[in-house]
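In: 3D model of this:
(2 chains)
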Number of protein chains: 2
Amino acid sequence: MANEENAYSFTTKATQHIKLNNLGAEGFSMYKGGRLAEVTLAYESWGELSPKADNAILIFTGLSPSAHAASSEQDPSPGWWEYMVGPGKPIDTNRFFVVCMNSLGGCHGSTGPGSMNPETGENYGADFPGLAVEDIARAGYLLMQELGVEHLHAAVGSSKGGMASISYAMQFPQSIEYLITISAAAHALPLTIALRSLQREIIRSDIAWKNGRYSSGEEPLTGMLLARKLGLVSYRAADEWNAKFDRAKLSAEKLTGKAFQHEFEIENYLEYNAQKFVHSFDANSYLYLSRAMDWFDISEHGGSIDAGMSKIKVKKAQVIGVTTDILFPLWQQKEIADSLQRTDTEVDYIEIDSVNGHDAFLVDSDHFSPVVRRFLDTTVVVSQE
Amino acid sequence: MANEENAYSFTTKATQHIKLNNLGAEGFSMYKGGRLAEVTLAYESWGELSPKADNAILIFTGLSPSAHAASSEQDPSPGWWEYMVGPGKPIDTNRFFVVCMNSLGGCHGSTGPGSMNPETGENYGADFPGLAVEDIARAGYLLMQELGVEHLHAAVGSSKGGMASISYAMQFPQSIEYLITISAAAHALPLTIALRSLQREIIRSDIAWKNGRYSSGEEPLTGMLLARKLGLVSYRAADEWNAKFDRAKLSAEKLTGKAFQHEFEIENYLEYNAQKFVHSFDANSYLYLSRAMDWFDISEHGGSIDAGMSKIKVKKAQVIGVTTDILFPLWQQKEIADSLQRTDTEVDYIEIDSVNGHDAFLVDSDHFSPVVRRFLDTTVVVSQE
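Out: Down below sits the predicted model:
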């Protein structure tokens, strides 16, 4: 991304931007020690904030989604969580004021490596300070403060967003009533670190990456394509692909005739989906957000997972895992639930038997909708009583 | 590999070479329709062939190993299956004449993409004809013929070698008594095709690959490094790494200080092992052998897996799988065993509960040694009765 305008190019018509005014002279102090002089956050919202401002739900995204979780009048195109967010849907915008924020460090409107550093007049690139999940969570907190919400009804997050929602509840226990985590983790595991580290290395090995100093139109697209394919492989489950693709071959007209051409439908599926992605995501953002997940470890906050989790004071947490998730396996969901329970938080622990792996929350409405709906139905908004 | 000499540089002192004299005027006709004018095969052997030539065991390797399965007087360095092959070991070289062949298409002495094409005087590179597991199996058959073995006591193979040993038994049912397959597959699955296709694409995306026309000293080492790391991730099991590495960090002196440096021991483990590999393996061989596995599908031989398996006429087969193998999962081992049994082959089906994933056969002597030993102890060599 060559200039600040480009950093904001991946937004939708419904995206709003807030430049944080509550940072103080020091700017935004990062968890790992860096500093951002200015922070702008992109978000979309649905529903109305209650007069007492007690019906807000904040959605933290996974690695790549934008703030466009659902359609709206301003942007009727389907959002990435369309089945979940809307009037009468599980996260019911008739009842809740729902906000989805583009992660700090992202490339869909929030300040990130593609943004201009106001202190140098140049884009941050790889000079963006080290980004942690803790920073993304705190950015969410500051955004909600700006929107007049002192107290969240709930934080909801899946994957990296699940980590961020846990971190929100740990950092701001006085400012949240309920918590929903989906396919999250209390700490990244070596297999997932290996898979993400390799994706980052693939991007960095693309000579177009230029130590993060690539120009607009000269992005490391090959590295991004290969990294995204690796991501896609880890997001889905083997049996889903066995059922969907098995050994289906490409038809003759889809063959390129080049050496080691793609021959199987599964290869074509990865190519199609990765190509779609690379033109809508900034490589440096990918590197920063990916590493933030590797760094995440609740036990840094007190010496153990339980010590970290004991800071959480929500009325009730829902912890959801998926049987076929190889990236954030079921036992890590149980670990979150067990630790919360040991530290006196009531937990609704749900194991979902979906074929869709880590990505299940994005596509498996049949399993996820009733579970999230039931939990939120039991939560109390005082001003709605 | 710039010249034929280099193609043979990855051999050991114990490696022997045979140029096949039994090819006929047409040369070696490949399963997919190509042709090799000449074929040289590299192998090592242990033990003595019985006067009746009825005690020979042929080991087919996985993707990358050389013929050096075990140490010997000629080369006392440990082989890749040292615990399995030797005097008094499970594949007992006091009893059996054991041969391990470097795969056709490999880079440890057998004819492969790094070899000179006698018809052009140049290395094959990416002009090497399409290589299938069926070709590797047939090369093994021709090698044994040259060594005076009309009839194998057993073929043994793991991973790609397991596929090849099945293919041997299917193609030459009259020439084999027993069969051992370990972590093999009757057909490649979409997840494994995706993982291998991505490894190949990573190598091909390295500009040093030059459509397979790289010179010695200018190999696509970056692509190979990244591809091998992806391979390593798929060969082991998540829980093994959780126990071994968890979130252990690199000590300060191991940090490079570069942007997005490796910080975790797991990253260092991958780097160390992949670096070791890339300097001992030819990139084009990797591409050909990798694709051969994607192509493998027993149902091409008769219309169904059972139709293919029904060609096998061994006295008994041992089929071994590993609980934590994500690449060749347990159900695929059961699929092999069930199909063999349905088609009238007696089967010793073994599920090994190892933490080591697909690579278990390489490292988990405790589980594998007694199983293979017991099976071979029950096999009959007529001249030894």
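
In: quick one, what contacts the most centrally placed residue in chain A?
Out: Against the mean C-alpha coordinate of chain A, by Cα atoms, centre = their mean, the closest residue is residue A:62 at 1.9 Å. Neighbouring residues of residue A:62 by Cβ atoms under 8 Å, 6 or more residues apart in numbering or on different chains: A:158-161. All C-beta atoms are positioned from the backbone trio N, CA, C, and that covers glycine.

In: got the contact list for residue A:206?
Out: Residue A:206 is in contact with A:220-224, counting by Cβ under 8 Å, 6+ apart.

In: which stretches in the stretch 51-200 of chain A count as strands?
Out: Assigned by DSSP state E, counting those that start in this stretch, the strands in the stretch 51-200 of chain A fall at A:56-60, A:85-86, A:91-92, A:97-101, A:116-117, A:122-123, A:152-158, A:176-182.

In: any chance of those in TSV, with mean neighbour count, distance to chain B and mean pLDDT too?
Out: Shown next, in TSV, are the strands of the stretch 51-200 of chain A (neighbours: other Cβ atoms under 10 Å in any protein chain shown; distance: least, Cβ to the nearest Cβ, whole Å; pLDDT from 0 to 100):
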stretch	mean neighbour count	distance to chain B	mean pLDDT
strand A:56-60	28	22	98
strand A:85-86	24	31	98
strand A:91-92	22	31	98
strand A:97-101	26	24	98
strand A:116-117	18	16	94
strand A:122-123	19	15	94
strand A:152-158	29	20	98
strand A:176-182	26	19	98
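
In: among these, which is nearest residue B:216?
Out: Among these, strand A:122-123 comes nearest to residue B:216, with 41.0 Å by Cβ to Cβ.

In: will you turn the contacts of residue A:206 into CSV that also has distance to residue B:58 and pLDDT?
Out: Shown next, in CSV, are these (distance: Cβ to Cβ, whole Å; pLDDT from 0 to 100):
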residue, distance to residue B:58, pLDDT
A:220, 46, 97
A:221, 46, 97
A:222, 41, 98
A:223, 42, 98
A:224, 45, 98
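
In: go through those and name the one nearest chain B.
Out: Closest approach to chain B among these (Cβ to the nearest Cβ): residue A:222, at 5.3 Å.

In: host element of that closest one?
Out: For residue A:222, the host element (DSSP states H and E) is helix A:221-235.

In: any weak-confidence spans in the stretch 1-150 of chain A?
Out: Judged against pLDDT under 70, the low-scoring parts of the stretch 1-150 of chain A cover residues A:1-11.

In: how far away is the residue in it positioned nearest to chain B from residue A:29?
Out: Closest to chain B within the stretch 1-150 of chain A is residue A:126: 4.6 Å, counting by Cβ to the nearest Cβ. Here the criterion is Cβ to Cβ, to the nearest Å. By it, residue A:126 lies 20 Å from residue A:29.

In: please identify which of those two sits among more neighbours.
Out: residue A:126 (18 against 15; other Cβ atoms under 10 Å in any protein chain shown).

In: check contacts around that one.
Out: Shown in contact with residue A:126 (Cβ under 8 Å, 6+ apart): A:113, A:211-213, A:284, A:287, B:259-260.
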